[in-house]
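[1] starting from these lines, generate the structure:
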Amino acid sequence: MLRIRGTVGDLPVDLTLELDDGDWAKLGAQLQAAPAPSTPAAAPVRQDDDLWQNAQALLRNAGQLSGLELLDQLEGVAGDAATGKRLLVRLRHSAKVKVSSGGDTPLYSWVGD
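    Prediction:
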């Protein structure tokens with residue numbers, strides 16, 4: 001059994017994973033095959049902070065956007081789909097953003113500042 005506790009944004013997380021012997025063996029093999037982590041450079045952290053500030057500014061300036069419109073704009077700001085999706089999830093969990101049902105797609109509204 002593996003227990004993970006922490007937070008995602010402001011939300012507390014308490015997750016318990018139950019793995020059998022085969023799962024533990026697979027996990028151990030994956031960890032042995034993975035390259036050793038390196039110390040990240042300062043630039044990516046700064047870049048992530050800049051992207052986060054830009055994502056917040058985008059929604060703040062728009063006031064409200066549908067999830068699809070916001071994702072499209074975030075992908076443009078970030079330069080790729082995966083980073084755009086991460087920013088969308090981060091906005092979803094931000095205390096400065098209200099997410100409400102908008103039919104086919106959620107509506108993201110800026111409420112912070």
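[2] ok, the residue positioned nearest the centre of the chain to Ala25 distance?
    The geometric centre of the chain, computed from its C-alpha atoms, lies nearest to Arg86 (CA atoms, centre = their mean), at 3.5 Å. From Arg86 over to Ala25 the distance is 31 Å, taken as CB to CB, to the nearest Å. (Glycine included, C-beta is placed from N, CA and C.)
[3] now Leu107
    In terms of CB to CB, Leu107 sits 46 Å off from Ala25.
[4] packing partners of the longest helix seen in the chain?
    Identified as the longest helix of the chain according to DSSP state H is helix 42-62. Judged by 3 or more CB pairs under 8 Å, 6 or more residues apart in numbering; DSSP states H and E, helix 42-62 is in contact with helix 67-78, helix 81-92, strand 107-110.
[5] nearest to Asn61, of those?
    Of all the helices and strands packed on helix 42-62, strand 107-110 sits nearest to Asn61, with 8.3 Å by CB to CB.
[6] distance between the closest one and the chain's centre?
    16 Å (CA atoms, centre = their mean, to the nearest Å).
[7] average pLDDT across that strand?
    For strand 107-110, mean pLDDT rounds to 94.
[8] that strand pairs with which strands, and in what direction?
    Applying DSSP bridges to the sheet, strand 107-110 is found paired with strand 64-66 (antiparallel), strand 97-100 (antiparallel).
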